[in-house]
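1. I would like the atomic coordinates for the input below:
(one chain, ligands or ions: 2)
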Amino acid sequence: MKAVILAGGEATRLRPLSCNTAKLMVPVLNHPLLENLINYLKRNDITDIIIALGQQVEQIQGYFGDGSKYGVRIVYSVEHFPMGTAGAVKNAERLLGEPFMVFNGDIFTDIDLTAMMDLHCQKKACVSIALTPVEDPTIYGVVETDAGNRVKLFVEKPSRDEVTTNMINAGIYILEPEILNYIPPKVFFTFERNVFPAALERGQAIYGYPSEAYWIDIGTPEKYLRLNHDLLQRYVGNKRVKFEGESAVHPQAQIEGAAIIGDGCFIGKNSIIRGPAVIGSGCQIEEGAIVEGAVLWQNCKVGKGAKLKNCVVASNCYIGEESEVLDGCVLGDNVRIERGNKLSQGIRIWPDKSIEPDAISF
Ligand code: GDD
Ligand code: MG
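-> Ligands and ions are numbered 1, 2, ... in the order given. From the prediction side, this is the model:
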């Protein structure tokens, strides 16, 4: 079966992480989110992949190429204006024929796709939608089903009083080609607000495949940090420290898992890295610095005695001596926090900004 991965859209909620980096190229445990999705498709025997996207085409195409490195075939369907989730699939119609799958590209999951396909065939469905339970359905698409899993109602981004279930659209669909007839060509059109409600009204067989498997979408930096933490616990193991290459670690540095240390890092004397933590390649953690619960991208420098806790720091940042970056703070690429600053309460700093010494204590 072919799969379309939706990789367009603005990713405004993920800023400043998505300012220079395509949303799907944001590193999760030091690898682009999209790489995880492609490996997941491969594990599920889906090897014909169409990536639908509008911007930052070179970033994605340059990295994944024709997919041969991953044992899959990738072709790119490029939009010249944002076409929406369904418009993007319509735009790739010439590449599709048989029943096919669509994936929101910004999800991380191990929902069982074979079981989902079995249900799709058994029900002779026109559309199957993977469903996952969440705490707050208002930021997703709510999907109400009957006892036989047939979808009764689809409400995208419902208000509180429209929420009738905690099961939401997990962003994975199996579609019969006839669904493409619901999508006009060359206009902005979405599955969530246009196609699914219209197909329901026409009485099409739309089924939900409920799953309790791990699922998250990285819409915001908070969820991005949570995904990294979750995966460290799951795949690296509570106490494990995984080195991805050669790094120089001072004998008096202390590293507690779960942690991943990228290639070519320097971890100085008396510094402490306490998991869950991800350190990108080429990072320098100077003497006495503390990194705990944080995700650092590549080539960051953390000065003497600085402290990073539960924060995300994008590439090429500098955190000066004795500075602190805490509690959900997010730094874009190339940010300089000079010595003696204290950032907390989820402050976000846009790429290329510099904070003078002793300027912020918040
Ligand atoms: N090619 C292309 N073109 N892709 C797009 C476009 C577009 O114009 N717009 C959005 N996408 C991609 C995004 O990159 C993302 O991978 C996916 O489509 C969904 O878009 P989001 O903007 O992330 O939507 P959302 O998270 O608010 O809601 C969607 O996902 C939820 C699950 O994560 C909806 O499908 C909800 O119903 C669903 O619950
Ligand atoms: Mg999303």
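
2. hey, let's count contacts and neighbours off CA atoms from now on
-> OK.

3. which ones are touching T47?
-> Taking Cα atoms under 8 Å, 6 or more residues apart in numbering, we find T47 in contact with M1, K2, L41, G71, V72, R73.

4. For the protein, what lies in contact range of ligand 1?
-> Applying Cα under 6 Å from any ligand atom, we find that the chain lies next to ligand 1 at 6-9, 52-53, 82-85, 88, 104-106, 140-141, 156, 168-171, 192, 217, 219.

5. what ranges do the strands span in the stretch 151-300 of the chain?
-> Here the stretch 151-300 of the chain has its strands, by DSSP state E, counting those that start in this stretch, at 151-156, 167-175, 206-210, 215-217, 241-243, 248-249, 254-256, 259-261, 266-267, 272-274, 277-279, 284-285, 290-292, 295-296.

6. Report the closest residue of the stretch 151-300 of the chain relative to ligand 1.
-> Across the stretch 151-300 of the chain, the shortest distance to ligand 1 (Cα to the nearest ligand atom) belongs to N169, at 4.1 Å.

7. Might one say that that residue is in contact with V143?
-> Yes. Assessed by Cα atoms under 8 Å, N169 is found in contact with V143 at 6.3 Å.

8. intersection of neighbour lists for the two?
-> L131.

9. which of the contacts of T47 sit farthest apart?
-> Maximum pairwise distance in the contacts of T47, criterion Cα to Cα, is 15.1 Å, between M1 and G71.

10. now the strands of the stretch 151-300 of the chain in a markdown table, with mean neighbour count and distance to A92?
-> As requested, the strands of the stretch 151-300 of the chain are exported to a markdown table (neighbours: other Cα atoms under 10 Å; distance: least, Cα to Cα, whole Å):
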| stretch | mean neighbour count | distance to A92 |
| --- | --- | --- |
| strand 151-156 | 19 | 24 |
| strand 167-175 | 24 | 14 |
| strand 206-210 | 25 | 22 |
| strand 215-217 | 17 | 24 |
| strand 241-243 | 17 | 40 |
| strand 248-249 | 14 | 48 |
| strand 254-256 | 18 | 47 |
| strand 259-261 | 27 | 38 |
| strand 266-267 | 23 | 46 |
| strand 272-274 | 23 | 46 |
| strand 277-279 | 29 | 37 |
| strand 284-285 | 25 | 44 |
| strand 290-292 | 24 | 44 |
| strand 295-296 | 30 | 36 |
